[in-house]
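**Q** fold the following for me, if possible:
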Amino acid sequence: MAGQRSRNLYNPHGSDPFKLSRSKIELFTECPRCFYLDRRLGVGRPPGFPFTLNSAVDTLLKKEFDIHRARGSKHPLMEVYGINAVPFQHEMMDEWRENFKGIQYFHRLTNFVITGAVDDIWVTPKGELIVVDYKATSTTSEITLDAEYRGGYKRQMEIYQWLLRKSDFKVSNTGYFVYANGDKDKEAFDAKLEFKVQIIPYTGDDKWIEGILLKIKKCLDGETIPLAGDKCEYCPYRDAAGIYERKA
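**A** Numbers count the residues shown, from 1 in each chain. Coordinates of the predicted model:
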């Protein structure tokens, strides 16, 4: 049950590095107020429902690409899309994929430890790493990255690219989204859901990250709760509920 938390809070007078995940950076870009309430005051948003089907697709895709990782071979989808790369083999790969661990980098200027768990990494013959993110959906529309909410997907990939660069790897600006699209056009379910899988390229630009980290640092060091994000759906509800509770 959601409530006030006493752990994993930012202390503006502390000296220990503060761990900041990729998802919390995204929360700040969405709503500085919700971010401050969460990381500084310990009042997080109510948790969403787990996307267990999406997680199942992620797991199966990882297993599938891991077969080719062990062989050092291309996945057939790479051949179809003309991608000259193979799944990257590295001793840290399992940890880089693990939630609450992931790729980590100590950002000295802010005293933050930035973390992010990748879905996959591929590598070109020249040793350039390619960030890969798995997504699951079910739509009859063309899948593009143009939808507003998919801006978060782009920032997600750019943070992973930035983290790998900060870990002294050579990283391609181009990453890929591997989209599994559930087919709803079958005549019957027959206890089986089939997916069409496609790869969508995205050219990332991580120049915004340094600036946002400084803004986050300033936000957390402040003693005033910041304004809500323009499109936050939680803050208007919280404010409206508070008005009626005070009247009761």
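
**Q** send the alpha carbons of the lengthiest helix in the chain over as CSV?
**A** Assignment by DSSP state H gives helix 52-71 as the longest helix of the chain. Extracted C-alpha coordinates of helix 52-71, given in CSV (Å, rounded to 0.1, in the frame of the first residue of the first chain):
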residue,chain,number,x,y,z
THR,A,52,3.0,-9.2,-17.1
LEU,A,53,2.3,-10.0,-20.7
ASN,A,54,4.8,-7.4,-21.8
SER,A,55,7.3,-8.8,-19.3
ALA,A,56,6.7,-12.3,-20.8
VAL,A,57,7.4,-11.0,-24.3
ASP,A,58,10.6,-9.3,-23.0
THR,A,59,11.8,-12.5,-21.4
LEU,A,60,11.2,-14.6,-24.5
LEU,A,61,12.9,-12.1,-26.8
LYS,A,62,15.9,-12.1,-24.5
LYS,A,63,16.1,-15.8,-24.6
GLU,A,64,15.8,-15.8,-28.3
PHE,A,65,18.6,-13.3,-28.9
ASP,A,66,20.7,-15.0,-26.2
ILE,A,67,20.8,-18.1,-28.4
HIS,A,68,22.6,-16.0,-31.1
ARG,A,69,24.7,-14.3,-28.4
ALA,A,70,26.1,-17.6,-27.4
ARG,A,71,26.7,-18.6,-31.0
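
**Q** mind giving me the packing neighbours of it?
**A** The helices and strands touching helix 52-71, judged by 3 or more Cβ pairs under 8 Å, 6 or more residues apart in numbering; DSSP states H and E, are strand 86-87, strand 120-123, strand 129-137, strand 174-182. (Each C-beta comes from the backbone N, C-alpha and C, glycine too.)

**Q** mind listing what the first one pairs with, with the direction of each?
**A** By that I understand strand 86-87. Using DSSP bridges, the strands paired with strand 86-87 are strand 120-123 (antiparallel).

**Q** what's the average pLDDT for the strand it pairs with?
**A** Throughout strand 120-123, pLDDT has a mean value of 98.

**Q** then stretch 195-207?
**A** Mean pLDDT, computed over stretch 195-207, is 95.

**Q** show residues contacting that stretch.
**A** Residues from elsewhere that reach stretch 195-207 (Cβ atoms under 8 Å, 6 or more residues apart in numbering): 57, 77, 81, 83, 131, 136, 143-145, 154, 157-159, 161-162, 165, 173-183.

**Q** check stretch 51-68 too.
**A** Counting by Cβ under 8 Å, 6+ apart, 74-75, 86-87, 97, 119-120, 134-136, 178, 180, 195 sit against stretch 51-68.

**Q** by neighbours, which of those wins?
**A** Greatest neighbour count in these, by other Cβ atoms under 10 Å, goes to residue 87: 25 neighbours.
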